[in-house]
Structure formats: structure tokens, C-alpha cells
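Q: What follows is a predicted structure for the sequence shown.
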Amino acid sequence: MYDTLFAHRHYTMKIIYLITYVALANGVEKFEVFRQWTLLNYTWRSQAEYKDALKTRRYVPQNNAPAGIKIYRNILYASVPKFREGVPVTLTTVENKPFNPLLTPFPSWELNDDSDCGNLQNVQSMEIDTKGTMWVLDGARINNYTRCPTKLVLLDLNNVGKVIRVKVFPNEVSLKVGGFLNDLVVDETSGGFAYITDASPVDPGLIVYSKEKNEAWKLRDSSMFSGKTDPQLFIKGSVVDSSYPIDGIALSPPRDDRIVYYCSVGSDVLYSIPTSVLKNQQLANTGEWRKNITAVGRKLGQSDGITIDSDGDLFYTLPTFYGVGKWNTSTPLWTSELFDRDEQQMVWTDGFAFDQRGYIYLITNYMYKFIQPKETLFHDGRVLFRVFRYHTGTKSYLYDK
């Protein structure tokens, strides 16, 4: 259905892409490298602990990869999801140096001790609101490294990461075995909401969490499934599984009725739905809410992470183009542009962050290899992970102009 609906615009977008591709090949790259790693290592409490972690395979250096990034008060936070054995911590702060900066468990080693379900188990991503509260998705449950329920953890960054609240999701909202809380946006209106993508291969959907009610509900629709008719992804000679369902999510700035945008890795179609619909728990219990889903159009390609700034510009990753797309949400989606690309350095453009100084940040991380246990990892000393930044002069979607 969508192939017919967007065929002409999709063709037009591909022509625009080819023109932009040539322009970028001869122009100046926009993003600059901010941090980079060959391997991740941590600020261990002692040399003895470090050696023991290596010996017992509690820490397997080559199996550690950063995923979600956020910035608050000039501190870079990074999640390290446990997609393979030997990942000792899952939420960290990053040392302030450009090459191979060490990671420090956040808020502490103790809260990263996964032997207790009350602690952080397997974090994929997080968001930081305007008050300095970090909303942490502890919900990667697609392997055997934990059997604890998925949960949302709120941390106070103005008080050394003190736990404010823990919301454990019931199985009917997010599966204890097979759930995958992938990404979120925070809406600070009406008492506070989080809109969360559950990329579960078993039960995908969009989770709405009301901070005021401390309740969560899940919306499921065919638009949130994987795009099974879309082509496979090819990255650096590897065929990448593109069957992941709803993944990227973005929220328009706080003006009028805000809009949530979402997409799956397996499709280049971008969808939207008003937040007024998502907030209506009674409506969510019916099928009527589906009438409010809009198929916005086709992006230049398939995406992982997406985000919106305070000007209403939507940035979206383009892993197969080794770059980033950009679209102003007040215009038709076919006017998207290939904003930047670098085939050598931007291998798997993953997600974004904003700071308070007008920069947008991008992480690239070869994640397509780490998330698939059968994929062979590199051991040749190359730089695998990079955080880039670019000065937009804007803030995140949490702020108005």
C-alpha cells in the first residue's frame, strides 16, 4: 500500500539524494569528531579487580560497545548494552579526553551490579529532561544476560544520580523475556510523559508512561512492525538483519498539539501520531486511536535513531549511506536532504543528543555487528566508536525556540 502511495515522491527523493551525494563528496563535512575509541575500558576500583574481571570474562574488552549518548552540564553519558558476554556495566559517564576516554559506572558500581533486579541490568538508551532528570530505559531483554523485568529508572543528575523512581513494567506492557525498550522521548506537559519504542521481536509497540499516574500502556499497530518488503541493509560488505520493528522516535517542540514521529529499521516510511491521542489511556484501550496515525512519507533510506531540534528540524540516521538525513517538519518529507556522510568514519550512524551550547551529537558504533552474536568483531586496532558533533545553534525538542 505504502509503496504505491509514495512511489513518485520516493523516486524524487532518490534523485535529490544523488545530487546531494555528489555535492557532499566535493564539499566540507559538517560533523567533527568529538570522542573516539578503539576499545572501551573503565575506571576500575583497583588493578586487582580489573585483572580478575579479565580472567573471569566479566570484562571482555572487544565485546563492549556504546549505544545511547546524552549530554548534561558538559558531561557525556553513554549506555553500554549487554549484547554479548563481558560487559561489566551498562550506564556510564565518559572521561573528558578525545581518544579512548575511560568510562565510569553511573551512578555507581553498585547500581550497575546486575545480580540484583533492583539495579540496572541492560540499558539501551536514556533521555535527560530540562530539570536534570535522566529517564533510563533498562529494557534490553532479547538475550539471556538477565531475567529481570523491563523498567524505567529516573535518576537525579543534580544529586549525584540519586534514584527518584523505578517503574517496573508488567509483562503485558513489555515482555520480561523478549522485550526491547529501545528509545524514548520525554514530554514534560500534563504531569510528564515518556513515549517509548519497544522493538521486541515478539511484541513490538509504542509504550506511553504517565509520570503523574505512574501508569503505562502500550499501543500496537502494523506500522510498528518491521518493513518486511524493504530491501536488506548492506553495511561494509555485511548483510544486516533489517527485521527490527519500531525503533527510532522523535517529538516535536512544545508548540500546539505535539507530534510523535516513529519508524522501524526495516522500513524507510516515517509515521506520526499526536501526543493528545497517546495520552488518552481510555482511547488506547480501543482501536479508534489508529485512525490518527499518519504515514508521513519515505525518508531517504532506513534509519535507526531520529531526533528533532527546537527549530523543528528532524535529523535521522542513514546507516546504509554512512550518514545523516535532515528534514524540516513544516515541509513535505520529500524535501529531505542528505545532511552529512563519511563512508570511512560514520559506520552505523546510531543516535543523537543535544547540549545547551547549540551542538547536536551523533554516535557511530558498528552496532549491527555487536547486536548479532554470530557476527565476527574486529581485532585490528581500528577506531570502532565515534561521537561527532555539529553546531546547529539550536536546542533539543524539549525547548521552544
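A: Received it, and whenever you're ready, just let me know what you need. Residues are numbered from 1 along each chain as shown.
Q: what are the ranges of the helices in the stretch 1-150 of the chain?
A: Secondary structure of the stretch 1-150 of the chain by DSSP state H, counting those that start in this stretch: the helices cover 2-5, 7-25, 47-55.
Q: Compare the ones you listed and say which comes out lowest on pLDDT.
A: The stretch with the lowest average pLDDT out of the helices of the stretch 1-150 of the chain is helix 2-5, scoring a mean of 42.
Q: Need the residues that contact the helix or strand hosting residue 277.
A: Element membership of residue 277, judged by DSSP states H and E, is helix 275-278. For helix 275-278, contacts defined as Cβ atoms under 8 Å, 6 or more residues apart in numbering pick out 187, 189, 193, 195, 206, 208, 219, 251, 257-260, 283-284, 289, 292. Using the backbone N, CA and C atoms, a C-beta is placed for each residue, glycine as well.
Q: Mind listing what's buried along that helix?
A: 275, 277, 278 (16 or more other Cβ atoms under 10 Å).
Q: For it, what is the distance to the chain centroid?
A: Relative to its chain's centre, helix 275-278 lies at 21 Å (Cα atoms, centre = their mean, to the nearest Å).
Q: average model confidence for it?
A: What helix 275-278 shows for mean pLDDT is 98.
Q: Got a PyMOL select line for the buried ones in the contacts of helix 275-278?
A: Filtering those down to the buried ones (16+ other Cβ under 10 Å) takes a single PyMOL command:
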select buried, resi 187+193+195+206+208+219+251+258+259+260+284+289
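Q: Of the contacts of helix 275-278, which belong to helices?
A: Those of the contacts of helix 275-278 mapping onto helices are 283, 284, per DSSP state H.
Q: any idea which of the contacts of helix 275-278 is closest to residue 53?
A: Nearest to residue 53 among the contacts of helix 275-278: residue 195, at 36.6 Å, using Cβ to Cβ.
Q: Now for the closest one: which residues touch it?
A: Residue 195 is in contact with 184, 185, 187, 206, 207, 208, 209, 249, 251, 260, 275, 278, counting by Cβ under 8 Å, 6+ apart.
Q: can you pull up the bridge partners for it?
A: residue 185, residue 208 (DSSP bridges).
Q: Could you measure from it over to residue 397?
A: Distance, residue 195 to residue 397, using Cβ to Cβ, to the nearest Å: 11 Å.
Q: Overlap of the contact sets of these two?
A: Here residue 195 and residue 397 share the contacting residues 185, 251, scored by Cβ under 8 Å, 6+ apart.
Q: can you pull the contacts of the spatially closest residue to residue 248 that is not a sequence neighbour?
A: Excluding the flanking residues, the one nearest residue 248 by Cβ to Cβ, 6 or more residues apart in numbering is residue 306, at 3.9 Å. Residues near residue 306 by Cβ under 8 Å, 6+ apart: 248, 249, 250, 261, 262, 263, 270, 314, 315, 316, 317, 352.
Q: and which of those residues is nearest to residue 342?
A: Ranked by distance to residue 342 (Cβ to Cβ), these are led by residue 317 at 12.8 Å.
Q: and the closest one, how many neighbours does it have?
A: As a burial measure, residue 317 scores 29 neighbours (other Cβ atoms under 10 Å).
Q: can you pull the contacts of it?
A: Shown in contact with residue 317 (Cβ under 8 Å, 6+ apart): 248, 303, 304, 305, 306, 324, 325, 349, 350, 351, 352, 362.
Q: Pairing partners for the nearest residue to the third one once chain neighbours are set aside in the sheet, please.
A: Read that as residue 304. Nearest non-adjacent residue to residue 304, counting by Cβ to Cβ, 6+ apart: residue 317, 4.8 Å away. Beta-bridge partners for residue 317, by DSSP bridges, are residue 324.
Q: just how off-centre is stretch 243-258 within its chain?
A: 12 Å.
Q: Stretch 105-119: which residues count as buried?
A: Counting neighbours by 16+ other Cβ under 10 Å, stretch 105-119 gives 105, 106, 107, 109, 111, 112, 114, 119 as buried.
Q: my bad, stretch 355-369
A: Residues of stretch 355-369 classed as buried by neighbour count (16+ other Cβ under 10 Å): 355, 359, 360, 361, 362, 363, 364, 365, 366, 367, 368, 369.
Q: Considering only helices and strands, which part of this structure has the lowest mean pLDDT?
A: Least confident helix or strand of the chain, by mean pLDDT, DSSP states H and E, is helix 2-5 with a mean of 42.
Q: So which of the buried residues of helix 275-278 is the closest to residue 84?
A: Residue 84 has its nearest neighbour among the buried residues of helix 275-278 in residue 278, at 34.1 Å by Cβ to Cβ.
Q: any idea how far that closest one lies from residue 304?
A: Separation of residue 278 from residue 304 (Cβ to Cβ): 22 Å.
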